[in-house]
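Novice: Mind looking at a prediction? Sequence and model below.
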Amino acid sequence: ILLDQHKEKFKENKINLILDNKTIKVKSLNSFEDYINIHINYELGLNSDIIVEYKDSKSHDAYNIQAVDYIANVIYSHYEYNLDIYMPIIKNKIKVIEEFPKFKFKKIKKGA
């Protein structure tokens, strides 16, 4: 969903996707690269050269992964715990699009 919103950047371009490997199982490292290449190049016909790289967020050269992780945690804390300590810093830099409107989902109580 996220990459489809930026598909114009993929057409006839070389794209480097750098992903955090902490949430990817070792066996499935290649499956995302295969999936995204099939989706972008065959299903959407964008003729892109896509390179997927996995980095450990604890690595000394993974500053981009660490920055994205920080921003994701700020946004998560805002929505999940109503904590707005750092949200004002990034609020004007993010775009909110609800693909799955939350009013359609009921919050499940713990122990239910």
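Specialist: Sure, I can see it.
Novice: how's this protein carved up into domains?
Specialist: Dividing the chain into domains by automatic domain parsing, as the record does, gives the ranges 1-55, 57-95.
Novice: List the buried residues for the last one?
Specialist: The reference is to domain 57-95. Within domain 57-95, the residues that count as buried by 16 or more other CB atoms under 10 Å are 57, 62, 65, 74, 75, 78. In short, each C-beta sits where N, CA and C put it, glycine included.
Novice: Help me confirm that the last one comes into contact with residue 85.
Specialist: No. Counting by CB atoms under 8 Å, residue 85 is not a contact partner of residue 78; they are 9.2 Å apart.
Novice: now the strands: where do they sit in this protein?
Specialist: 14-20, 49-55 (DSSP state E).
Novice: May I have the first one exported as PDB, CA atoms only?
Specialist: Pointing back at strand 14-20 there. Written as PDB, here are the backbone C-alpha positions of strand 14-20 (Å, rounded to 0.1, in the frame of the first residue of the first chain):
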ATOM      1  CA  LYS A  14      16.800   2.400  -9.800                       C
ATOM      2  CA  ILE A  15      15.300   2.100  -6.400                       C
ATOM      3  CA  ASN A  16      17.200   1.100  -3.200                       C
ATOM      4  CA  LEU A  17      14.900  -0.100  -0.400                       C
ATOM      5  CA  ILE A  18      16.700  -0.300   3.000                       C
ATOM      6  CA  LEU A  19      14.700  -2.400   5.500                       C
ATOM      7  CA  ASP A  20      15.200  -3.200   9.200                       C
END
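Novice: Listing partners with orientation, what would you give for that strand?
Specialist: Sheet pairing here is set by DSSP bridges, and for strand 14-20 it gives strand 49-55 (parallel).
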